[in-house]
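**Q** Turn this into a structure:
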Amino acid sequence: MGNTMDGLQDPKFMRSSPPSQWIRFLIQSHTLWTSPLVILLFASLIRFAVSVYPYSGFNKPLMFGDYEAQRHWMEITIHLSPQQWYWYDLEWWGLDYPPLTAYHSWLCGKIGHLIEPSWFALDTSRGYESPASKFFMRSTVYFSELFLYVPAVYAFCQLVYGSQGFFKKHVAAILILLQPALLMIDHGHFQFNSVMLAFSLWSFVCFLSKHYVLGAIAFCLSLGFKQMALYYSPAVFAYLLGRCFVEERGFLLFIKLGVTVVATFSALVYPWIGSLEQLGQLVHRIFPVARGLYEDKVANVWCALNIVVKLRHHMSTEATVKLSLVATLCAVIPIAIQLGLNPSRRRFIYALVNSSLAFFLLSFQVHEKSILLPLLPVSLLFIEEPVASNVMLNTAMFSMYPLLHREKLVLPYFITTILWNWLSGIQNMEGVLARCLIWGPQALFVTWYACHSFIPPPQPLPDLYAVLNAILSCGIFTMLLFYFVYRQFTLSSVSLSAKKEKNQ
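**A** Residues are numbered from 1 along each chain as shown. Just a heads-up that it's a prediction; the model follows:
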């Protein structure tokens, strides 16, 4: 394979989307080994700056938000046996993520318990908030990202852009590491999405470098941390199956992959594997069908369609599950088939975007934070697709504004968004079409921000702005899906054939 991915480089990049002069100085003024360190220090500074702001549920009894959910999982995993984790007092933030999340919570909780036992005392620590515990909890997010996600980003950039010069791979790295949506959700709102995304990205790196078995382990770990990694699964399955047909000893590879998947998932669920009741409860908690088609105002098709047709009033929960499943399959199956028949590395990245974005728009029980999944492969394409990637990221941030506004994260929201756009060179985009595609949505967003801030919604429509946000974001996401699908399906004329790719 060499050091590059076929076609995932564009010699026009430096002319069409030059980064800011500041990022050029940041990279070029340091030596080969100090530039990654300087970039990491700057990215860490931004993370710590965001983390001083409130988190989900800050000073908000009775349930205290996602921060308390993560803290509570650390509490129960260190005090209870694994057989109790998915049963214990489910009304108070019952554990509803896969086993690897629980193991990660156990590790963080053990460390915190050694520092200060009162932070995670069983039952009596509910809603615990103190400056010291907040610092510890924020640190668990940072170090989880530092040890897993940051190395994966550098590995991808070295693999794809390493042969194209010192500058380009570091531009890609800093833009991925400063992607504002992940910053705001993990270090502001408070979650550990970077762990799931890290395992996913490690799997992509392994697949692109033909370490398929290692990649399969990493992807299973991603699924074992958060079930939302299923958004990538059609593209991953199709790519690996397609590679089994073009690689030498492809049947043996197929057997190895099957054994690897079974063994990895068996290891993850080992504490519950002896009881069908325990396994059933684990699955029930991970896939909460009873919650309905969607909970909050989210920028997907079902929420937008609700303006015209109240599906939840006319259809049972089971019927909406089937509807969303059929719609999602209709969207992702052609994407997977086309990738499986033409399993090039470049097409694989586009298929990851399309599969995850189709899931976000059409699947059941989607949260606004789920947009982080399509944002990861879109971030990997920024150098190749600067305009589409820019529109995607800014729309994703816009779609999460109501959530972040409720949590008093408006200032870091705007600062991180403006910083990323400036570093990416949005102000230097050339061409009338590129400028219109970027600044057109931005003008709509600014208008919405102004109205939301200064014009109260009419009393009969208190959710007017949230609904408009969801509709506008959904419309842009849908157009981007069509664009990225078009790009995936028209790559054959510029990408290497499967035969040539196999011999690289």
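
**Q** what about whichever strand or helix holds residue 39, average pLDDT?
**A** Residue 39 is part of helix 34-51 when elements are defined by DSSP states H and E. Predicted confidence along helix 34-51 averages 91 (mean pLDDT).

**Q** Please list the outside residues in contact with whatever helix or strand comes next after it.
**A** The first helix or strand that comes after helix 34-51 along the chain, using DSSP H and E, is helix 65-79. Defining contact as Cβ atoms under 8 Å, 6 or more residues apart in numbering, one finds that helix 65-79 is touched by 55-58, 84-85, 88, 92-93, 95, 97, 101-103, 105-106, 108-110, 112-113, 119-122, 125-128, 133, 137, 189-192, 407. In this view, the C-beta of every residue, glycine as well, is placed from N, C-alpha and C.

**Q** And the helix holding residue 39, what does it pack against?
**A** Contacting helix 34-51 under the criterion 3 or more Cβ pairs under 8 Å, 6 or more residues apart in numbering; DSSP states H and E are the following elements: helix 21-28, helix 131-144, helix 150-161, helix 166-177, helix 410-424.

**Q** Export that helix to PDB, keeping only CA atoms.
**A** Output of helix 34-51 as PDB, limited to C-alpha atoms (Å, rounded to 0.1, in the frame of the first residue of the first chain):
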ATOM      1  CA  THR A  34       8.400  19.300  18.000                       C
ATOM      2  CA  SER A  35       5.500  20.200  15.600                       C
ATOM      3  CA  PRO A  36       3.300  17.300  16.800                       C
ATOM      4  CA  LEU A  37       4.000  18.300  20.400                       C
ATOM      5  CA  VAL A  38       3.200  22.000  19.800                       C
ATOM      6  CA  ILE A  39       0.000  21.000  18.000                       C
ATOM      7  CA  LEU A  40      -1.000  18.700  20.900                       C
ATOM      8  CA  LEU A  41      -0.200  21.300  23.500                       C
ATOM      9  CA  PHE A  42      -2.400  23.900  21.600                       C
ATOM     10  CA  ALA A  43      -5.200  21.300  21.200                       C
ATOM     11  CA  SER A  44      -4.900  20.500  24.900                       C
ATOM     12  CA  LEU A  45      -5.100  24.200  25.900                       C
ATOM     13  CA  ILE A  46      -8.400  24.600  23.900                       C
ATOM     14  CA  ARG A  47      -9.800  21.500  25.700                       C
ATOM     15  CA  PHE A  48      -8.900  22.800  29.100                       C
ATOM     16  CA  ALA A  49     -10.400  26.200  28.300                       C
ATOM     17  CA  VAL A  50     -13.700  24.500  27.300                       C
ATOM     18  CA  SER A  51     -13.700  22.300  30.400                       C
END
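
**Q** which parts of that helix are buried?
**A** For helix 34-51, the neighbour count (16 or more other Cβ atoms under 10 Å) marks 35, 36, 38, 39, 40, 42, 43, 46, 47, 50, 51 as buried.

**Q** Does the first one touch residue 170 like I think?
**A** What it means is residue 35. Yes: because the distance of 5.5 Å satisfies Cβ atoms under 8 Å, residue 35 is recorded as touching residue 170.
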